[in-house]
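J.: Quick check, what structure comes out for this input:
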Amino acid sequence: MMYDEKPKRKKVADYQQLHLRCPRCGRINAVTDMACRYCGSDLFKADVIRGTDYDRFDPNDLRKSCLLAIVPGLGLLREKKLFSGFLMLLASGFLLAWSLFGWLHYELAILPFVMLAAFSIASVFVTFIVALDRMGMQRPDKQGQLILLGRLVAGYTLIAFALMFCWLLPFSVVAIYLAWRILQPFFGKAMD
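T.: As a prediction, this is how the structure comes out:
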């Protein structure tokens, strides 16, 4: 009998594709490292991840999800969180209809607009965290989450001031530039 098939080999782990995630700072190290290159922590209890898990992180994909999340719910729909995404879209549609109705009939539409901006901030923040989880990256700690949330609020506030005082063009340009610098972790360079 003739066999055209090659004999099956036992698969051996390729150590160049393995990485260690630091348990303290969450950064990626080589599998041969004894201590973290960034914080010096011992890697004895570090999580071993394959190269394909590490390669899942795509900063452009994270930016796309966060940009879509400006419209509440769209970012979560892109991240395959359908129930939460549709619920946020429905709530933001209700707030938008309320603001248009209030504008046309009562000339008091500031509350729904503020609620819609707060909803948009929450949408971008939640989408950012969900996208990090999907890509296998470590979430920021509580202090880091508060800093990111503060940056979002400051960026949205500056954009609101720029829109309110758009007749002051230099102020608007400076406010938009500062908002972009503050929001850079979400839409600019990827985090380390």
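J.: and F86, helix, strand or coil?
T.: helix (DSSP: H, G, I helix; E, B strand; the rest coil).
J.: contacting residues for it?
T.: Residues in contact with F86, defined by CB atoms under 8 Å, 6 or more residues apart in numbering, are G73, L77. All C-beta atoms are positioned from the backbone trio N, CA, C, and that covers glycine.
J.: go with 10 Å
T.: For F86, the contacting residues are G73, L76, L77, by CB atoms under 10 Å, 6 or more residues apart in numbering.
J.: confidence score at the second one?
T.: pLDDT, the model's per-residue confidence, is 89 for L76.
J.: now the residue most central in space within the chain, nearest residue through space, not along the chain?
T.: The centre of the chain sits closest to F128, judged by CA atoms, centre = their mean, with a distance of 2.0 Å. Of all residues not flanking F128 in the chain, C66 sits nearest, at 5.6 Å (CB to CB, 6 or more residues apart in numbering).
J.: gap between that neighbour and L152?
T.: Here the criterion is CB to CB, to the nearest Å. By it, C66 lies 10 Å from L152.
J.: doesn't the residue nearest to F128 fall inside a strand?
T.: No: assessed with three-state DSSP, C66 is helix; it does not lie in a strand.
J.: could you measure it against L87, distance?
T.: C66 is 19 Å from L87, by CB to CB.
J.: So these two - more neighbours on which side?
T.: Using other CB atoms under 10 Å, the more surrounded residue of C66 and L87 is C66, with 22 against 14.
J.: Could you measure from the more buried one over to G155?
T.: Using CB to CB, one gets 12 Å for the distance from C66 to G155.
J.: ditto for T32
T.: According to CB to CB, T32 and G155 sit 41 Å apart.
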